[in-house]
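1. structure, please.
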Amino acid sequence: MIDELTAHEAKRAIEAVLMVAEEPAEPLLISQLIEQPPEVVEALCHELATEYEREGRGFQLARVAGGYRFQSHEELASYVERFVLVGQTSRLSAAALETLAIVAYKQPISRAQISTIRGVNVDAVMRTLHNRGYVEEIARDPGPGQAVLYGTTRMFLERLALDSVDELPSLGDFVPGADVVEALERGLRVEEDEPGDASAGEGGEP
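-> Residues are numbered from 1 along each chain as shown. Predicted coordinates for the structure are as follows:
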């Protein structure tokens, strides 16, 4: 590890670089800028992140999409949402969010495969997601026609504060277990021998 004086100056340099970076800065790039090995950069960033957390700052130093960036603290999300959403009119539609989720979990995937899953044509939605920078062409299907295969972008990871798609929550977390499904079926099932059913048509409405 480097001496305390050098480490202090290196941390200041890292903060200055990240303050003006438009996207997460990779450790290798930072190491070239401050002339320190990547492992030293990783250690210094970890120290900075710990310092900010200990001091209760409103921002964090997070590792996202393979690099480091400053972002607002998750505990203050409600305040940030108020600021961001005021006057905002270009939110993604439910259809776009559903399509984006399919791409994220099934990538690489073609438009035809996405359409099959959703049951509707997704050309317009995919154009929107592509224009917003959330999906991109990543490969070609080796089969007949060599369809374009899509995947999520680095911007997608940035917006969700993820380092990689491996950090996406498991779909199993959102699917109820067999016992829950069975309980729902029992609760929604109409019993054939409920009291009053047999005489419902006698003297009453047809």
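
2. just the CA atoms of stretch 71-86, as CSV, please.
-> Below are the C-alpha coordinates for stretch 71-86, written out as CSV (Å, rounded to 0.1, in the frame of the first residue of the first chain):
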residue,chain,number,x,y,z
GLN,A,71,-24.7,8.4,-6.5
SER,A,72,-27.3,9.5,-4.1
HIS,A,73,-27.8,7.4,-0.9
GLU,A,74,-30.5,4.9,-1.3
GLU,A,75,-32.1,6.0,2.0
LEU,A,76,-32.8,9.4,0.5
ALA,A,77,-34.4,8.0,-2.7
SER,A,78,-37.8,9.7,-1.9
TYR,A,79,-36.2,13.1,-2.0
VAL,A,80,-34.4,12.4,-5.3
GLU,A,81,-37.6,11.0,-6.8
ARG,A,82,-39.4,14.2,-6.0
PHE,A,83,-36.7,16.2,-7.8
VAL,A,84,-36.4,13.9,-10.8
LEU,A,85,-40.1,13.3,-11.4
VAL,A,86,-41.2,17.0,-11.2
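
3. buried sites along that stretch?
-> Neighbour-count burial for stretch 71-86, with 16 or more other CB atoms under 10 Å as criterion, is recorded at 72-73. Any C-beta I mention is one placed from the backbone N, CA and C, and that applies to glycine too.

4. got it, and stretch 45-54?
-> Going by neighbour count (16+ other CB under 10 Å), the buried part of stretch 45-54 is 45, 48, 52.

5. the closest residue to the second one other than its chain neighbours: what secondary structure?
-> Looking back up the chat, that one is L48. Leaving out its chain neighbours, the residue that sits closest to L48 by CB to CB, 6 or more residues apart in numbering is L61, at 5.1 Å. Three-state assignment for L61 (DSSP: H, G, I helix; E, B strand; the rest coil): strand.

6. specify the beta-bridge partners of L61.
-> Under the criterion DSSP bridges, L61 forms beta bridges with F70.
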